[in-house]
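Novice: Sequence first, then the predicted structure:
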Amino acid sequence: MTKQERSWILYDCANSAQTLVVTTAILPIFFKSYAAADLSAEQSTFYWGLGNTVAAIIVAIMAPILGSMADREGVKKRLFALFLVIGLVSTASLAAVGQGDWVLCLFIYGLSTIGFYGSTVFYDSFLVDVTQKDRMDWVSSNGFAWGYLASTIPYIVCMLLIAQAESLGFASKASATRFAFIITAVWWCVLSIPMLRHVKQRHFVPATANPVRESLARLAATLRDIARYKHLFLFLLAYFLYIDGVHTIYKMATSFGLDVGIDSTQLMLILLVTQLVAFPFAILYGKLAGRFTARRMILFGIGTYFGVTILAFFIASAWHFWLLAILVGTAQGGIQSLSRSFYGKLVPPEKSAQFFGFYDIFGKFAAILGPVMVGGFGLLFGNVRVGVFSLILLFLLGGLLLLKVDAEKAAAS
């Protein structure tokens, strides 16, 4: 691999720590058991989903506009760095959350999410700059794979810190958890340095005297010319549906596990195993895409998630949750990495940031629907299993639409 490819992959290792510690595992437990301790289980799950939704709306609105601006020479890296700083500062600021401060916790978490996903828009679009089309599936898969594996390092450190809080001199597990958020921010910062130093923007549009006006004009022209990109936008619609389910499952997994009776210590261990399982399977998906095509492997991943939603409805004991976590681990990295590379091969390289802005807006608006479905149906029926089961429609419709996407026609448009 080239230095740029390795540096790009390393950023997946950097920001995956935020995904695991903040979005998926430790912060949700901290939120439900400490920051939102005065709320009922259903209420805290609902507000956690709502917090994810609001942050996703903000990013989704900004993404295509900023993406269009970022296609000018040198701008993509600067916007990436801006959102990276927002994510780092807000993640570390979670250490300031006290007991009962659930509103403050959601606000800071929202900023961390905006920083994370905002930087990811530009990070994803750099895929066309760091490698060639015939290597995109492999490079993208390695990004997710090594991200899953590397994120277990700060996660294990944070788990041990919380488990041994008093013996390590912390006043409580809550104090140790706050320090864990600082560890996560430091990890994210340090491993981002190679990306900032070595990754360069190779594809761009010429600079203009009025960059903001020109960027908005280019964005409007793309929207008017949607018919030209029919199959590309058909893929985005399919992606909107199935990635909604994927994002919702990993964002709401901890809340769901707590609500069905899994203790927090076992939950953190289960999520660690999920990351370890995801590592080899993300690489495997990348290899198999070369033989069976990326679209077929994405469909296989959708089928796996389809089964997960059915099994989740009938969950009755801890080992059932273990099974679900392992199944998710086999598909999670592959379906995301191949979606990214499949799309990367369809977009015009010189408009990569703009088109990945659309990719992000579809992905983030997808993240708006799923958490509210799980939390809302769970609150309505008094059973979170009903909310999780509702996700089956997203995987079904997403898979059916993906079958209609003609990759050759999309690439030729």
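Specialist: That came through, no problem.
Novice: Now for Asp259: which residues touch it?
Specialist: 41-42, 45, 378, 384 (C-beta atoms under 8 Å, 6 or more residues apart in numbering). The C-beta positions use only the backbone N, C-alpha and C, and glycine is treated the same way.
Novice: Not counting stretch 146-156 itself, show me its contacts.
Specialist: By C-beta under 8 Å, 6+ apart, stretch 146-156 touches 9-10, 12-13, 15-17, 19-21, 25-26, 183-184, 187, 191, 271-272, 275-276, 278-279, 282, 333.
Novice: How about stretch 27-37?
Specialist: So stretch 27-37 is contacted by 21, 41, 43-45, 47-48, 94, 97-102, 104-106, 109, 174, 177, 181, 254-255, 258, 264, 267-268 (C-beta under 8 Å, 6+ apart).
Novice: quick one, phi psi at Val157?
Specialist: Per-residue torsions, Val157: phi -60, psi -50 (degrees, to the nearest 10).
Novice: so it touches Thr184, yeah?
Specialist: No - applying C-beta atoms under 8 Å, one finds Val157 not in contact with Thr184, separated by 9.5 Å.
Novice: In terms of neighbours, single out the busier of those two.
Specialist: Thr184 (28 against 16; other C-beta atoms under 10 Å).
Novice: who does the helix or strand where the more buried one lies touch, helix- and strand-wise?
Specialist: Assigned by DSSP states H and E, Thr184 belongs to helix 173-198. The contact analysis (3 or more C-beta pairs under 8 Å, 6 or more residues apart in numbering; DSSP states H and E) places helix 173-198 against helix 3-17, helix 26-30, helix 75-93, helix 136-163.
Novice: can you tell me which of these comes nearest to Ile114?
Specialist: Checking the helices and strands packed on helix 173-198 against Ile114 by C-beta to C-beta gives helix 75-93 as the closest, at 6.3 Å.
Novice: Show me what the helix or strand just after the closest one is packed against.
Specialist: Using DSSP H and E, the helix or strand that follows helix 75-93 in sequence is helix 102-125. Judged by 3+ C-beta pairs under 8 Å, 6+ apart, the packing partners of helix 102-125 are helix 3-17, helix 26-30, helix 41-70, helix 75-93, helix 352-381.
Novice: Just the buried ones from the contacts of stretch 146-156?
Specialist: With burial judged by 16 or more other C-beta atoms under 10 Å, the buried subset of the contacts of stretch 146-156 is 9-10, 12-13, 15-17, 19-21, 25-26, 183-184, 187, 191, 271-272, 275, 278-279, 282, 333.
Novice: Format the CA atom coordinates belonging to stretch 125-137 as CSV.
Specialist: Extracted C-alpha coordinates of stretch 125-137, given in CSV (Å, rounded to 0.1, in the frame of the first residue of the first chain):
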residue,chain,number,x,y,z
SER,A,125,-14.5,11.6,-0.4
PHE,A,126,-10.7,11.4,-0.1
LEU,A,127,-11.0,7.8,-1.2
VAL,A,128,-10.9,8.9,-4.8
ASP,A,129,-7.7,10.8,-4.1
VAL,A,130,-5.7,8.2,-2.3
THR,A,131,-6.3,5.2,-4.6
GLN,A,132,-7.5,3.9,-8.0
LYS,A,133,-10.9,2.4,-8.9
ASP,A,134,-9.7,-1.1,-9.0
ARG,A,135,-8.4,-0.9,-5.5
MET,A,136,-11.2,1.0,-3.8
ASP,A,137,-13.1,-2.1,-2.5
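Novice: could I get the helices and strands packed on helix 102-125 as TSV with mean pLDDT and distance to Leu127?
Specialist: Output for these, formatted as TSV (pLDDT from 0 to 100; distance: least, C-beta to C-beta, whole Å):
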stretch	mean pLDDT	distance to Leu127
helix 3-17	94	7
helix 26-30	89	28
helix 41-70	77	13
helix 75-93	93	12
helix 352-381	71	8
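Novice: Reformat these as CSV; add distance to Leu324.
Specialist: Formatted as CSV, the helices and strands packed on helix 102-125 follow (distance: least, C-beta to C-beta, whole Å):
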stretch, distance to Leu324
helix 3-17, 21
helix 26-30, 16
helix 41-70, 17
helix 75-93, 28
helix 352-381, 14
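Novice: Relative to Leu393, which of these is closest?
Specialist: Nearest to Leu393, of the helices and strands packed on helix 102-125 and by C-beta to C-beta, is helix 352-381 at 9.0 Å.
Novice: After the closest one, which helix or strand is next?
Specialist: Going down the chain from helix 352-381, the next helix or strand is helix 384-389, by DSSP H and E.
Novice: Relative to Asp38, how far out is the nearest residue to Pro280 once chain neighbours are set aside?
Specialist: Closest residue to Pro280 apart from its sequence neighbours, by C-beta to C-beta, 6 or more residues apart in numbering: Ala145 at 7.4 Å. To Asp38, Ala145 is 41 Å away according to C-beta to C-beta, to the nearest Å.
Novice: Of those two, which one has the most company?
Specialist: Ala145 (25 against 10).
Novice: What count of nearby residues applies to Ala81?
Specialist: Neighbours of Ala81 (other C-beta under 10 Å): 15.
Novice: what's the closest non-adjacent residue to it?
Specialist: Closest to Ala81 by C-beta to C-beta, 6+ apart is Leu196, at 6.4 Å.
Novice: give me the low-pLDDT residue ranges for the stretch 151-300 of the chain?
Specialist: Counting by pLDDT under 70, the stretch 151-300 of the chain contains low-confidence ranges at 204-227, 251-256, 260.
Novice: on that earlier part again, what's the angle between the helix holding Thr184 and helix 75-93?
Specialist: 160 degrees (axes from the mean of the first three to the mean of the last three C-alpha atoms, to 10 degrees).
Novice: Please spell out which residues along helix 173-198 are buried.
Specialist: 173-181, 183-185, 187-189, 191-192, 194-195, 198.
Novice: Likewise for stretch 333-353?
Specialist: 333-348, 351-353.
Novice: Nothing else from me, thank you.
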